[in-house]
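Chemist: Return a 3D structure for these sequence lines:
(4 chains)
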2 protein chains.
Amino acid sequence: MGPVESDDPLYGTELTFLLGLAFQLLLGEFNDRVAEAGYPDLRPVHGLAFQALGPAGATSSELAARLGVTKQAAGQIVDDLERRGYVRREAHPAGGRRKLVVLTEAAQAHLAVAGRLLHGLEAELATRLGAGGEAETGAAELGRLRTDLVRVIRALAGTELPPLRPVW
Amino acid sequence: MGPVESDDPLYGTELTFLLGLAFQLLLGEFNDRVAEAGYPDLRPVHGLAFQALGPAGATSSELAARLGVTKQAAGQIVDDLERRGYVRREAHPAGGRRKLVVLTEAAQAHLAVAGRLLHGLEAELATRLGAGGEAETGAAELGRLRTDLVRVIRALAGTELPPLRPVW
DNA sequence: CGGTTGAGTAAAGCACCTTGACTTGCCTCT
DNA sequence: AGAGGCAAGTCAAGGTGCTTTACTCAACCG
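Modeler: Numbering: from 1, shown residues only, chains lettered A, B, ... in the order given. Okay, here's the model as predicted:
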């Protein structure tokens, strides 16, 4: 039988530290799998950009606001993704200097793959958690964790959520 | 009565995203308070360095290993902290080229303040969570969250924990 | 029409880290 | 003792990903 978590030295460490470590480990594992799945040079911010653009596309200034970066930084990200065939700049229906940045099929394929990988990873995690021999299933534990995290986020941020940014 | 979290649109988002957002919000709040408490230019990595050095001090190569960076980067951090009076380089008892990096009283005072701020923040969070009107107290919820996080971390990393690094 | 607004871009700077190359003190092996 | 190796520390250069500053260009509005 493994260590009981209340005996684990980790249990006494700061909540912030635990959150950071869990996030880092999960994101790192996800990123490794994304790389293995044929996207070695797509960083998490690229996936976030794909999500922020969405099926309808957006201008790069809108993208900047959604990612929480300057419009210059967003422009560089779009340049990079365009060069690699993940987005196109099209004429914007509203005219002006505006350009509509839209996802190519390559980006949509990546989104689908990334979604599968995320869910697969979470399912694996549930299995590993459930294998401890406790009465509770891993899936139930992850559901509870998710609920608690949502409550913490709402307590800290209210209804308006900030963009997820690289942490320090 | 506030929104029930299973109705919250956040509930459907990825676990990784929730972890990242919770971490970012909590760390950001902590960092703001550290700045207000008189340490406007101490970043989280500096606090981690203080913890990694500990009461006995360490060489900068040891510090590098504990922070998960190159020894050059650790050397720069030590240079910076030394210039600002938070650490001193002393002769190492084991001799050689080694130098023992030790905390000054300023750093120890900072560690004490940071510890108070972290615990205060967590206590506030517990109060806010408990104010929802549910049967469960905020402190109980945070204890459960902590337990779940420890289990997730152990499932992903095993017994050897990697250093906490900036995330992407 | 002149002025303002806002999207996009270009250039430079900066924070923070890496890789590469080197010096220096000690230890080991013959 | 002397040669070689090893590990700590340090210089120097490079690179990434962002910001700040400054500009151009298109539409709108009085």
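Chemist: DNA strand D contacts on chain A?
Modeler: Remark: the part of chain A in contact with DNA strand D comprises A:Arg43, A:Val45, A:Val69, A:Thr70, A:Gln72, A:Ala73, A:Gln76, A:Ile77, A:Gly95, A:Gly96, A:Arg97, A:Pro166, using C-beta under 7 Å from any atom of the strand. C-beta coordinates here come from the backbone N, C-alpha and C atoms, glycine included.
Chemist: Around the first one, how many other residues sit close by?
Modeler: Applying other C-beta atoms under 10 Å in any protein chain shown, we find 15 residues neighbouring A:Arg43.
Chemist: next one: phi and psi at it?
Modeler: The phi/psi pair for A:Arg43 (degrees, to the nearest 10) reads phi -90, psi 170.
Chemist: quick revisit: as CSV, the residues of chain A next to DNA strand D with distance to B:Leu63 and secondary structure would be great.
Modeler: Compiled in CSV, the residues of chain A next to DNA strand D are given as follows (distance: C-beta to C-beta, whole Å; DSSP: H, G, I helix; E, B strand; the rest coil):
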residue, distance to B:Leu63, secondary structure
A:Arg43, 27, coil
A:Val45, 29, helix
A:Val69, 31, coil
A:Thr70, 33, coil
A:Gln72, 35, helix
A:Ala73, 32, helix
A:Gln76, 34, helix
A:Ile77, 34, helix
A:Gly95, 56, coil
A:Gly96, 53, coil
A:Arg97, 50, coil
A:Pro166, 23, coil
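Chemist: for those residues, which one is nearest A:Ala131?
Modeler: Sorting the residues of chain A next to DNA strand D by distance to A:Ala131 puts A:Arg43 at the head of the list, at 31.8 Å, by C-beta to C-beta.
Chemist: confidence score at the nearest residue to that closest one once chain neighbours are set aside?
Modeler: The spatially closest residue to A:Arg43, leaving aside those adjacent along the chain, is B:Trp168, at 5.9 Å (C-beta to C-beta, 6 or more residues apart in numbering or on different chains). With respect to pLDDT, B:Trp168 scores 86.
Chemist: okay but B:Trp168 is in contact with A:Phe30, surely?
Modeler: No - with contacts defined as C-beta atoms under 8 Å, B:Trp168 does not count as touching A:Phe30, sitting 10.6 Å away.
Chemist: how far out from the middle of the chain is the helix or strand containing A:Phe23?
Modeler: Secondary structure here is read from DSSP states H and E; on that basis A:Phe23 sits in helix A:15-36. Using C-alpha atoms, centre = their mean, to the nearest Å, the distance from the centre of helix A:15-36 to the centre of the chain it belongs to is 10 Å.
Chemist: Can you mark which positions in it are buried?
Modeler: Burial within helix A:15-36, assessed by neighbour count using 16 or more other C-beta atoms under 10 Å in any protein chain shown, is assigned to A:15-31, A:33-34.
Chemist: what's it packed up against?
Modeler: Based on contacts counted as 3 or more C-beta pairs under 8 Å, 6 or more residues apart in numbering or on different chains; DSSP states H and E, the elements that helix A:15-36 packs against are helix A:44-53, helix A:105-130, helix B:15-36, helix B:105-130, helix B:138-157.
Chemist: who in chain A is up against DNA strand C?
Modeler: Residues of chain A lying near DNA strand C (C-beta under 7 Å from any atom of the strand): A:59-62, A:71-72, A:75, A:78, A:89, A:92, A:96-99.
Chemist: Tell me the predicted confidence for the residue nearest to A:Asn31 when sequence neighbours are not counted.
Modeler: With C-beta to C-beta, 6+ apart as the criterion, A:Asn31 has its nearest non-adjacent residue at 6.5 Å, and that residue is A:Pro44. The predicted local distance difference test score for A:Pro44 is 97.
Chemist: Using CSV, list the CA coordinates for stretch A:23-38.
Modeler: As requested, C-alpha coordinates have been extracted for stretch A:23-38 and formatted as CSV (Å, rounded to 0.1, in the frame of the first residue of the first chain):
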residue,chain,number,x,y,z
PHE,A,23,-0.3,22.5,-13.6
GLN,A,24,3.2,22.2,-14.7
LEU,A,25,3.2,18.4,-14.7
LEU,A,26,-0.1,18.1,-16.5
LEU,A,27,0.8,20.8,-19.1
GLY,A,28,4.2,19.3,-19.6
GLU,A,29,2.8,15.8,-20.2
PHE,A,30,0.2,17.3,-22.6
ASN,A,31,2.9,19.2,-24.5
ASP,A,32,5.1,16.1,-24.8
ARG,A,33,2.2,14.2,-26.3
VAL,A,34,1.3,17.0,-28.7
ALA,A,35,5.0,17.0,-29.9
GLU,A,36,4.9,13.2,-30.3
ALA,A,37,1.6,13.5,-32.2
GLY,A,38,3.4,15.4,-34.9
